[in-house]
Structure formats: C-alpha cells, structure tokens
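Colleague: Okay, predicted coordinates and the sequence, questions at the end:
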Amino acid sequence: MTASSHKGANPLRDLAAVQQSPWFDFIRRSFVEDGSLTRLVQEDDVRGVTSNPAIFQKAMGEGTEYDAQIREVLAHEIVSPGALYEKLAVRDIKTAAHILAPVYEASHKKDGFVSLEVSPYLARDGKGTTHEAARLWADVAESNLMIKIPATPESIPAIRETIAAGINVNVTLIFALSAYKAVVEAWLAGLEDLHKKGGDLSKVASVASFFVSRIDGKIDADIDRRVKAGDKDAETLKALRGKVAIANAKEAYAYWQEMVKTPRWKTLEAAGAQPQRLLWASTGTKDKAYSDVLYVDSLIGPHTVNTVPPATMDAFRDHGTVAETLTKGLEDARHVLAEAKRLKLDLDGVTATLVDEGVTSFEEAFDSLLGSVAAKQQAMLADKLTDMKTSLPAPLEEAVQKGLDAWRKDGTIRKLWAKDASVWTNGPEGDWLNWLTIVDDRLAHLSELESFQAEVKARNFHQVLLMGMGGSSLGPEVLAMTFGKHEGFGHLYVLDSTDPQQVATFEKKIDPANTLFIVASKSGGTLEPNIMLAYFHDLAKRALGEKAGSHFVAITDPGSKLEAQAKKDGFWKIFAGDPKIGGRYSVLSNFGMVPAAAAGLPLKLFLEDALRGVRMSDASVPPALNPGVMLGTIMGVAATQFGRDKLTIVATPQIADFGAWMEQLIAESTGKHGKGIIPIDDETLGGPKRYGTDRLFVYLRLVPEHRHEQDEAIATLIDAGQPVITINLHSKRQIAQEFFRWEIATAVAGAFLGIDPFDQPDVEASKVETRKLTDAYNQTGKLPAEQPFAQHGSFSFFADPANAKALKGDSAEAILKAHFNRVKAGDYVGLLAYIERDRATMEWIQHTRLKIRDAKTIATAAEFGPRFLHSTGQAYKGGPDTGVFLQITADDAKDLPVPGANYSFGVVKAAQARGDFDVLAERGRRALRVHIHGSLKDGLAALATALHGAL
Ligand SMILES: O=C(CO)[C@@H](O)[C@H](O)[C@H](O)[C@H](O)COP(=O)(O)O
Ligand SMILES: O=C[C@H](O)COP(=O)(O)O
C-alpha cells in the first residue's frame, strides 16, 4: 500500500465540494489494523472502501499477515479453506466498517461503506447469489456494509431481491449502458418491493459500479491493431484512443440524471429512499501514455463515487484536478460514441466480453486465493492431515495437470459438491451423494452414538459379531483389524461368508450368551446376512431364550425387510442408514459408526479426523490442492490415457486391511461398461521387473510404523519409472481422513471414466443367477446337475462350452497351462476361491498369485468368495475384458443348515460360485473352475504343484 495522506492542498478532500466521494479500492489486514485506513479517512476524507476477489487474493496470497488469525481459527475449529477465507475477510471488512462508521453516521447513512463481494463462482447463479448475499450480510452484521453483486444477466433478479431484503448493494462489473439500465430497473423494483413490505427505504444504500479503464484497454487494442494493419481510417481511429470509456461513462451519468427526474423515482424518494449512485470502478490508468489520473479527473460530478486504487489515489492527491467534468462535454462524448460506432469499433461486443472476462478473472483470482489459504492451512495443520506425494512419469504428470486445470476451469468440484449429475453421466448420480455430508451429520448426532456406546459398555458384552457383506462389512472390518480390541469392550468380529467352515469358525469364537450381534444390510434383502442372521439368532435363542432379540442390533435403511424383522424379533436397537448413500460409500455413516461404537472406538476423535479430510476436499479447495480431486484425477487419467488401470495397493501392515475396503470402493464404482480400474490389493511388492506398464502404485504409509523395506522397494519402483502415489498417515486414526479422500477420489475418477460410480449392475446379475439356483434347490432338493469337462486326480474342471473348448488338455497341468497361456500383457489374473478364508488359505493364495505374477509379469488378484462378489466381482464381470479367472471350489468338510430354509450354507456357497461363473461366461470372460474333491489341504497343495508346472 503506497497511499498516504499529506497536509496542505489536497484534491481528495476537495472532492466533497463537488459531491463526489473518493473510496479506496484496496484492503488488507495491516492496512485496516495499523491506522492507515483511519488516516485516509481522517486526513484525505476517504469515504468508503471496496474489495474484490483480486484484492483479497493479493492481500492473503502472500506474506504472513493473516497467519495469527489462521492459527487461532485452526486451533479451535475444523474448517474448510473457503470458510477460513471468509473468516479472514469478514474480520477485515468489519474492521474497515468500524473505521468508516463515523462517516456513515455523519452522512446519515449515505456514505462510509465497505463492500464485500459474493463468491465469483456464483456469478451465473441468481438464486445462489441471493442466498449468499443474505448470508454474508448476516455474518458481517454491520449496517455500513455493502454486498457486491455482479451485473450478469443471471444476477439481475438477485439484485432486486437483495435490495428488497433491505441489504445495501454495490452492483459490480457494469460495462454497458444497457446493463446499467437493467441494474437501475432491478434496484428501483427492489425498493418498491421493500416499500410494499413496509421496510425502511432510507437505510438501503446502493451504488452501481461502472467499470471504465478496461473498456479503453479493449477498444484501444482494437484501434492499434487496425492502425497497424493500415486501416484507411487510421487517423480518425487514433483520435478515439483513450476516449471511448469516458464517453460511455458520461452517457451512463446522463441516464442517471434523467432517471432521478422520473415520477417513479420521485415516489420512492418521497418515501425516504436514497438514490443509487454511480461508482466509477477500474479507474487506475493502465496505458502509460495517458495521465495517471485520467479516470479520476475526467469523471468528477455530483452524487457519484470513484473507487481508486492506491497508486492512483497517491497520484490524485499529488496532482489531481478537482473540477466538475462529468456533466461537461456530453455532446462530445456522444460524438465519440457515434464515431466509434461508425468506425465499427464494437462497443457492445467489447462490453459483453468484458463481463465474461471480468467474471472469469475474479474466479481465477478466487481460485488462486483459496489455493493460497488451503496451502497455508495444510502447512499449519501439518501432521493433523494425511499428506500425499506423487512420483509420476512426466507425460502422466503433464496429463494430470491438464485434467486438474480442466476441473478448475469448469468448476467441476463445486458441481460435484452441488450434487450435479452432469459431472458423470447425467443419470441418477445426484441421488447417491449424501456421503459428502454424512460426517457433519454423524457429528451432529454424536450423542446418540455415544449413548449407545455407553450402554454397550455397561452391558459388558464379551464379543461383538457383525454380519454383513461388502459395504456393510468391509468398513467395520478395517476398524476391527486396524484398532483391535478396546479396553472395556468386546472384540469385534466381522463375518462376511457363506462358507460353512468359516461360519463354524466364527461360532467357536463367540459365546452367544455374551455376544452383541449386529446385522448390517442397507437393502435388508441380501441373502448372506439374512442366512447368517437366521443361524446366529437361532444360536442366541438357544442360549438366551426369548430375550435373544435384546442381543441383536440391526443397521439398515428405513423401511427395509430387515427393519420389519428386527422389530418383530424385538431387536435391542435399529439404526437407520441413509438411503442416499450406497453401501461402499457408507463407512462414515451408521454402517461404520455403529460397529465402531460397539467396539469402543473414540467416536468424536475419529469423526473429527474424518471431518478434517472432508474439509480439505471441500468444494472451496481448487483441484490442484484438493486431496480427493488430485488423487481421483491421477487414477482417472492414468487409467484412461495411459492404460495404467491396475491400482496396486501397498500398505504398512498395521493399516493393510484398508486395502480390502478400497478394493470394493474402486472396483465396484468404476468397473462397468467395459471400463474400470482394477484394484490389486495385498500383492507383496517385487522388484521392477515384476511389473508391466499397466500399474499405478499407491503406498499407504503409516509414518510411525513404516517399514524400511517397503520404503526401499517403493523407491526402487520410482527409480524404475513406475508411477507411485505415497500417502503418509501420521496416526492410525487418520484412516478416517483416507476413507473420505478415497470416496471423493473414486467419484472423481468415475467422472474421468464417464461412468456412474454409484451403481453396480453386474453385482446384481450374479445375485439373479444365484437366486435361480437356490430357487431350483428349494423346489427339487438339489442344485441343477453340471458336468465337468475334464477330471484329473482330485480335480474336476468346469467351464462353459466356449472356455472348455479353448482348454483342452490331458492333465490338470495341461488344462491350467492352456488357461494361463491366454494371458497377455496388460491382463490380470484373478484367483477366486470359494473356501474358508483362514491363515493357511490366505498364505496359499498369496504364494500362488505371486508365482503367477512372476511367471507372467502380470497383475494378480487373490479373492475369497462369496465376499468378493460384493466387491471386486463387479469389475471382473463389468469392467475391461482383461481378466483371466481361476475359480476354486471344494467339497465342504462339513455343512451347516440354514434355519428355516431347505438349503444349507454349503448349497448357497455352491450356488454363488456357479452364479458367478455363469455371469463371467456369459460376458465372454476367460474363466475356468477347478473343483477340489476330498481334503482341501491336499487339494490346494496338488493345485499349487500343477500350477507350478503350468506356468
Ligand atoms: O468494488 C469495486 C467496484 O465496485 C472495485 O473493487 C472493482 O472491482 C475494481 O475497481 C476493479 O475490479 C478494478 O479493475 P481494474 O483496475 O483491474 O481494471
Ligand atoms: O456392498 C453392499 C453389499 O452388496 C451388501 O448390500 P446390503 O448392505 O444391502 O446388504
């Protein structure tokens, strides 16, 4: 800030004599707080202050003036960068308003205003502008505030409504006389509306900010271009340089003079209204060839304002000339405009362009301002936030930057937060976005969850058994695996299988008389949780009799069949899900938070951690700094433009189960219509030569527990040119932030892929096939017969005719060889095992997948059925046709009945495997099923040997 007052002759002070008010087009913390503004008011008779996004961007975008307040806010609140900016701005505006209050009082509410602009992002959104104007007015709560609203066609109704609400309005970005006339009309109509409501018109001030120098900037450039091109009217054109903008302003003033004579105005004036004054804005001289006070000297007239930038104010104070120029030379001005028209200088075109450019430049300034605030916030919050580092090959990095910039220019993150389905396919996406606000919602209802937690503790359950699938089980499983058992609470077990051995294993882990059973199903109609519930309810009834229901809690969407059953069976509690959140996006809703409460997790701390993540990926954070958008853009761009669609998840062991949740989110959200990102979870890291060019690595690194060898392996991959995203978590609890980051990122990646990330069409398909088989079983007492196409040793091989034809071989090894010979670069192999998931089988599947990866340099997925059907199964069937699948089924060592049904757990599992295979086959996927007869242990060992020979 260079402006300073001086004693003696002062043209600024002399402006009062001609009834023009000098306002200052500048604000910043030091200027309002160190006495500078006070001096300008007292010594220079400066009578107002204007701000705009570009001014705040300069103030806050650099230096440390705002750091103390930022630190103070961040110490007490979890805010978005947008909200933080507003707090900073509001304090400056309030301080300026207090300094100008004596002017406001002395002028009888006619002067002494400070202006604050609505978000430039709302420039084309009339309703949003009206709402924001009222909100800012209430937030600042100073009667000498003016809310700035741009004069875009969309905002004209907002001007009327805001005036009618009794709010002072500075209408900004006016360039054309026609726009000014529309503004005057809106202002008059607003006053009339207010009058009709019985409002006090005398309190409502308004200015119409007519931009000046920018018009010359454009017209002069056109003149120069034509002169240079040898235009025949070169001399006449040159004579118009630096004249058109002032002529245009004089016409506007002439219009104002006529307006104040109209009976319409006289009526309002008689009712106490103040006239809306013309305010000359954009009055700093841009062309050095002109006087540095051109746009002040030439525009002096009664009942006007000139808001002057610092350098121009210094210049005017020093050598400005106070004379009533505005009312003089109107005929000359009209001649200038007529000449401009005759010479085809397109003033209408220029003013229209200037509105668009003005909006865009304020948007860009705001982007940059919010980016600076977000960066400050990230730096100050430091370890309270997870952080992300990327090492991307240059072409990918460049494409990602382009993607981010396109999102910034189109304001797509704001559309996403506004639930605008045009971000994706213009389908039903907008109905599935309540996960954006669920953390705020759960914090608002924290007491319900906390009192449930206290009651669970008081009842002293020894175990908690959660039954559910996919979105209803994977989030709780992450919480159970990551945080372990909490003092005073039972151990949380999560069952998501129909494998009878697995069900029996869980039965052994619990004591039914002292267990809290949670059945979680959004739809309430999913087969697996329903039969698990039947089984464990029966068990509990045997232990507890009729009070068994008091050990059961349901989490389900309102109105579901499960809700009805829970009521009928006298469940202890029923927690509602949000029907506008799909299963895989539900972890921060009751589907994650109720089991978290039951397991004794510190809910407030967890949700507050999540909220930090929500705020940093908020609509106000520009894409290049927005953690969710950055990640999603990398995922989307890597998959769609570089064929890097195998998102390979590496994690510090203590948080490794997070990958199972990510798998579902990413695969089920993106894998459809032949497109998608295939998550590759828990595939032990190898050296660079183990990987092709289809990988994108994500390393979830828990800083306090990070493994040196993982760091080393990742560094080697980076050196080898593989793209790697490293996300540092500074505590386990920060998985709460990552839940949200990955949800946003997946939604963003879905936008790049051009799909609806909230449906799961192919999961439904295999459910239908399974239902056909279980229905058949109910009618006939057996599953429809099936014939293996080959049998070798303890293996039977099954496939549809097309796959069977391609898999001829006279031994197990030969069949497997034929199958895996179909794998080519860029494919992936999926091992889909419908067997108990325990330490031994997990080790087997890991070992086997690594063998395949290393032999084929291919990505591998190791999955257990039916769990994966609700997760990666969607992408295997609906995603890109790059999967080669080996389905593994086995005789059940023992089966378990499903109470109330004809079928058993074993039958359901078999039907699920067959239903899954049928859909894979129907989609033309390369798939083979091997069924192990007899001992599972021996069969798996033999299969490993056969595979070894086949690869
Ligand atoms: O408040 C207002 C107008 O009401 C001003 O801050 C207005 O935005 C500024 O004068 C202009 O943006 C400055 O324009 P320019 O000098 O960048 O052309
Ligand atoms: O991811 C969701 C699973 O398909 C289970 O659905 P549900 O919660 O409606 O039972």
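Modeller: That came through fine. Ligands and ions are numbered 1, 2, ... in the order given.
Colleague: switch to C-alpha atoms for all contacts and neighbour counts from now on
Modeller: Noted.
Colleague: before we move on, which element is residue 929 in?
Modeller: In this structure, residue 929 sits in strand 926-932 according to DSSP states H and E.
Colleague: The residue in the stretch 551-700 of the chain positioned nearest to ligand 1 - nearest residue in space that isn't next to it in sequence?
Modeller: Scanning the stretch 551-700 of the chain for the residue nearest ligand 1 gives residue 620, at 21.1 Å (criterion: Cα to the nearest ligand atom). Distance criterion Cα to Cα, 6 or more residues apart in numbering; nearest residue to residue 620, sequence neighbours excluded, is residue 82 at 4.9 Å.
Colleague: cool, residue 29 as well?
Modeller: Going by Cα to Cα, 6+ apart, residue 29 has residue 92 as its nearest residue, at 6.0 Å.
Colleague: Ramachandran coordinates for the residue of the chain found nearest ligand 1?
Modeller: Going by Cα to the nearest ligand atom, ligand 1 is nearest to residue 282 of the chain, at 3.5 Å. When read as degrees, to the nearest 10, the backbone of residue 282 gives phi 50, psi 50.
Colleague: Could you pull up the residues touching it?
Modeller: 211, 212, 213, 214, 307, 308 (Cα atoms under 8 Å, 6 or more residues apart in numbering).
Colleague: Next secondary structure element downstream of the lowest-mean-pLDDT helix or strand in the chain?
Modeller: Every helix and strand in the chain was compared by mean pLDDT, DSSP states H and E; the lowest is helix 761-780, with a mean of 86. Next along the chain after helix 761-780, taking DSSP H and E as the criterion, comes strand 790-792.
Colleague: Sheet-wise, list the partners of that next one with their directions.
Modeller: Under the criterion DSSP bridges, strand 790-792 sits next to strand 795-798 (antiparallel) in its sheet.
Colleague: Show me what the strand it pairs with is in contact with.
Modeller: 787-791, 804, 812, 928-933, 939.
Colleague: do the same with stretch 539-553
Modeller: Stretch 539-553 is contacted by residues 512-513, 515-519, 537, 566, 569-575 when judged by Cα under 8 Å, 6+ apart.
Colleague: same thing but 7 Å
Modeller: Stretch 539-553 has contacts (Cα atoms under 7 Å, 6 or more residues apart in numbering) with 512-513, 515-519, 569-574.
Colleague: Reformat those residues into JSON lines and put secondary structure next to each item.
Modeller: Converted to JSON lines, the contacts of stretch 539-553 look like this (DSSP: H, G, I helix; E, B strand; the rest coil):
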{"residue": "512", "secondary structure": "helix"}
{"residue": "513", "secondary structure": "helix"}
{"residue": "515", "secondary structure": "strand"}
{"residue": "516", "secondary structure": "strand"}
{"residue": "517", "secondary structure": "strand"}
{"residue": "518", "secondary structure": "strand"}
{"residue": "519", "secondary structure": "strand"}
{"residue": "569", "secondary structure": "coil"}
{"residue": "570", "secondary structure": "coil"}
{"residue": "571", "secondary structure": "coil"}
{"residue": "572", "secondary structure": "coil"}
{"residue": "573", "secondary structure": "strand"}
{"residue": "574", "secondary structure": "strand"}
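Colleague: Now the buried members of those residues.
Modeller: Buried by 16 or more other Cα atoms under 10 Å: 512-513, 515-519, 569-574, out of these.
Colleague: Please enumerate the strands of the stretch 651-800 of the chain.
Modeller: 678-681, 695-702, 724-729, 790-792, 795-798 (DSSP state E, counting those that start in this stretch).
Colleague: whoops, I mixed them up, the stretch 201-350 of the chain
Modeller: 206-211, 277-281, 304-308.
Colleague: ok so, going back, doesn't the residue of the stretch 551-700 of the chain closest to ligand 1 lie inside a strand?
Modeller: No - read with three-state DSSP, residue 620 is coil and lies in no strand.
Colleague: Verify the stated contact: it with residue 79.
Modeller: No - judged on Cα atoms under 7 Å, residue 620 makes no contact with residue 79 at a distance of 10.8 Å.
Colleague: Give me the phi and psi angles of residue 144.
Modeller: Taking degrees, to the nearest 10 as the convention, residue 144 sits at phi -100, psi 30.
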